[in-house]
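Undergrad: sharing a model prediction with you, sequence too.
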Amino acid sequence: MSRLLTDDEVTRQLADLPGWAREGDAIVASIEAPDFPAAVRIVVAAADEAEQMNHHPDIDIRWRTTRWLLSTHDAGGLTQLDIELAHRISAAARAEGAELGG
Ligand SMILES: C[C@H](O)[C@H](O)[C@H]1CNC2=NC(N)=NC(=O)C2=N1
């Protein structure tokens, strides 16, 4: 699970992750929640997923907007763990009626 993905693998898998984009050795997203409590609930849900995966995002929380940066520090770039965590974060966002790519 922790080998570096090729550029083509990243590009192809980002097609299934609306709102996520590549930024160097990371993938990033901005999520707009309906309100601040919903934004924090998304962070809490993602934290549970991250802990279960032992793979943790960088998160910036400002009112309703959370910004996420995923990269695999141990591998020095993008691995399947980042893609999987992005899917789980996106699902948590959808569950709160949030929009990705705001
Ligand atoms: C020791 C512990 O398993 C490692 O440091 C885990 C923790 N969470 C992690 N999170 C991320 N994003 N990248 C890692 O390489 C990583 N490694």
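TA: Noted; the coordinates are in hand. Numbering: from 1, shown residues only.

Undergrad: quick one: secondary structure of R22?
TA: At R22 the chain is in strand, as set by DSSP: H, G, I helix; E, B strand; the rest coil.

Undergrad: residue contacts, it?
TA: V10, T11, L14, V28, L78 (Cβ atoms under 8 Å, 6 or more residues apart in numbering). Where you see a C-beta, it was placed from the backbone N, CA and C, and this is true even at glycine.

Undergrad: so what's it bridging to?
TA: I27 (DSSP bridges).

Undergrad: filter the contacts of R22 to the buried ones?
TA: Buried subset of the contacts of R22 (neighbour count, 16 or more other Cβ atoms under 10 Å): V10, L14, V28, L78.

Undergrad: export these to a markdown table and tack on distance to the ligand?
TA: Formatted as a markdown table, those follow (distance: Cβ to the nearest ligand atom, whole Å):
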| residue | distance to the ligand |
| --- | --- |
| V10 | 15 |
| L14 | 17 |
| V28 | 13 |
| L78 | 10 |
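
Undergrad: show me the contacts of R22 that map onto helices.
TA: Taking DSSP state H as the definition of helices, the contacts of R22 contribute V10, T11, L14.

Undergrad: the first one and R88, how far apart?
TA: Computed as Cβ to Cβ, to the nearest Å, the V10 to R88 distance reads 17 Å.

Undergrad: just P34 next, same as before
TA: For P34, the distance to R88 - Cβ to Cβ - is 20 Å.

Undergrad: so between the two, which is more surrounded?
TA: Per other Cβ atoms under 10 Å, whichever of P34 and R88 has more neighbours is R88, with 18 against 12.

Undergrad: thank you, goodbye.
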